[in-house]
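give me coordinates for this.
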Amino acid sequence: MKLSDFSYELPKELIAQHPAEPRDHARLMVYDKITGAVAHRYFYDLAAELHKGDVLVFNDSRVIPARLHGKKKETGGKVEVLLLTPVGEDCWEVLVKPGKKALPGTTIEFSSRLCATVKERTDFGGRIVQFHYDGVFDEILDQIGEMPLPPYIHEKMKNPDEYQTVYARERGSAAAPTAGLHFTRNLMEKIRAKGVETVFVTLHVGLGTFRPVEEENVEDHEMHSEFYSVTPAAAAAVNRAKAEGRRVVAVGTTSIRTLESAGKEGVVQAGSGWTDIFIYPGYTYRIADALVTNFHLPESTLLMLISAMSKREKILQAYRIAVAEGYRFFSFGDAMFIR
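Next up is the predicted model:
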């Protein structure tokens, strides 16, 4: 399977620069994964598309202000650091720009209370750094860090909460699980009132979710590991639904990767760990029956993941329809319900 098999043409003006207001007024394409048929709705119509007894699974990871601006202690050269994953003892895996200024042994100063020493390179072009700080690390990060918006969003956010789901709880993501950005508290109450069960799992979004595919043969791509956690209550709720023939609907690709990682044998196991699961056409879903998701970048692992839930050709046809209908794409864009 070739990388070019997942390409499509997208006019730049369809890349959303800000979220819908209110959140649940984004458009919603309802897509039949068997026939490829589409219907056009708004996100606040999602409750009508769900069934009593469905289990809706959310990723409750919270985005941290993971982008830091600093300078090299030795030369004063400017450096930008994006926190990805904590690796213990005040060490983090990070991306550094420009990388040539971040050789092992380099000290980067961010403020009078925070600096970092580059310890080593990583296999994926990043760095391992050790932070040194005066006070509480999370509090310092909240004070000087910036929300790590994707590079295709050029407008400044009016409110950092725009890039946070209303149910975000567990700190740790370097990017938002963006399908969840469409939900409001009122919509979630409406969904629960219909008899839909809501369940929360955690996957901290890191390099694995947005690292581009560079290999022309898709199968040669190696995913980066991300941390996930499933509580016993969440696992029990999903397993009951599967046993009773009720639908499990994942909200976002991170939720679906968590479910499939924890349920490799068809039964979700409670616990936590690291996953590098790579889902592309040919994969058989064991847990998730349906998916709420955004419209994804061409040639991305996320587009490959949703193609595995249907047929690649039909998914790409739905994307062409979305372009023709003027849907908004990517993190702040419109949504798709694959059922």
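
give me every residue that touches C91.
K119, I128, V129, Q130, F131 (C-beta atoms under 8 Å, 6 or more residues apart in numbering). Bear in mind the C-beta positions are built from the backbone N, C-alpha and C, glycine included.

ChimeraX command to pick out the buried ones of those?
Selection of the buried residues among those in ChimeraX, burial being defined by 16 or more other C-beta atoms under 10 Å:
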select :128,129,131
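
so the closest residue to A102 other than its chain neighbours, which state does it fall into?
Excluding the flanking residues, the one nearest A102 by C-beta to C-beta, 6 or more residues apart in numbering is V96, at 4.0 Å. When classified by DSSP: H, G, I helix; E, B strand; the rest coil, V96 comes out as strand.

residues in contact with V96?
Per C-beta under 8 Å, 6+ apart, neighbours of V96: V79, E80, V81, L82, A102, V118, G126, R127.

at 10 Å instead, please
70, 79-82, 102-103, 106, 108, 116, 118, 121, 125-127, 129 (C-beta atoms under 10 Å, 6 or more residues apart in numbering).

give me the number of residues near H25?
If you count neighbours by other C-beta atoms under 10 Å, H25 ends up with 13.

bridging residues for W274?
Counting by DSSP bridges, W274 is bridged to F227.

extract the C-alpha trace of stretch 217-233 and format it as CSV.
Provided in CSV are the C-alpha atoms of stretch 217-233 (Å, rounded to 0.1, in the frame of the first residue of the first chain):
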residue,chain,number,x,y,z
ASN,A,217,5.3,1.9,1.5
VAL,A,218,2.8,2.5,4.3
GLU,A,219,3.6,-0.7,6.1
ASP,A,220,7.2,0.5,6.7
HIS,A,221,6.1,3.4,8.9
GLU,A,222,6.9,3.1,12.6
MET,A,223,4.6,4.7,15.1
HIS,A,224,6.0,6.4,18.1
SER,A,225,4.7,5.2,21.5
GLU,A,226,2.1,7.1,23.5
PHE,A,227,0.9,6.5,27.0
TYR,A,228,-2.6,5.3,27.6
SER,A,229,-4.7,4.3,30.6
VAL,A,230,-8.1,2.4,31.0
THR,A,231,-9.8,2.2,34.3
PRO,A,232,-11.5,-1.0,35.5
ALA,A,233,-14.9,0.8,35.3
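
which parts of that stretch are buried?
V218, H221, M223, H224, E226, F227, Y228, S229, V230.

stretch 251-270 now?
251-263, 268.

the residues you listed in strands, which ones?
V251 (DSSP state E).

let's see which of the buried residues of stretch 251-270 end up in helices.
Using DSSP state H, the members of the buried residues of stretch 251-270 that fall in helices are T253, T254, S255, I256, R257, T258, L259, E260, S261, A262.

list the contacts of the first one.
Same thing as T253. With C-beta under 10 Å, 6+ apart, T253 has these contacts: 59, 177-179, 203, 205, 209, 279, 291-294, 296, 300-306.

same check on the third one?
S255 sits next to 56-61, 177, 179-180, 199-203, 228, 248-249, 288, 291-293 when contact means C-beta under 10 Å, 6+ apart.

distance of it relative to L3?
25 Å (C-beta to C-beta, to the nearest Å).

picking up where we left off before, redo the buried residues of stretch 217-233 as CSV? Include pLDDT.
What follows is the buried residues of stretch 217-233, written out as CSV (pLDDT from 0 to 100):
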residue, pLDDT
V218, 94
H221, 94
M223, 91
H224, 88
E226, 93
F227, 95
Y228, 97
S229, 98
V230, 98
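
pull the most distant pair out of these.
The two members of these with the most space between them (C-beta to C-beta) are V218 and S229, at 28.4 Å.
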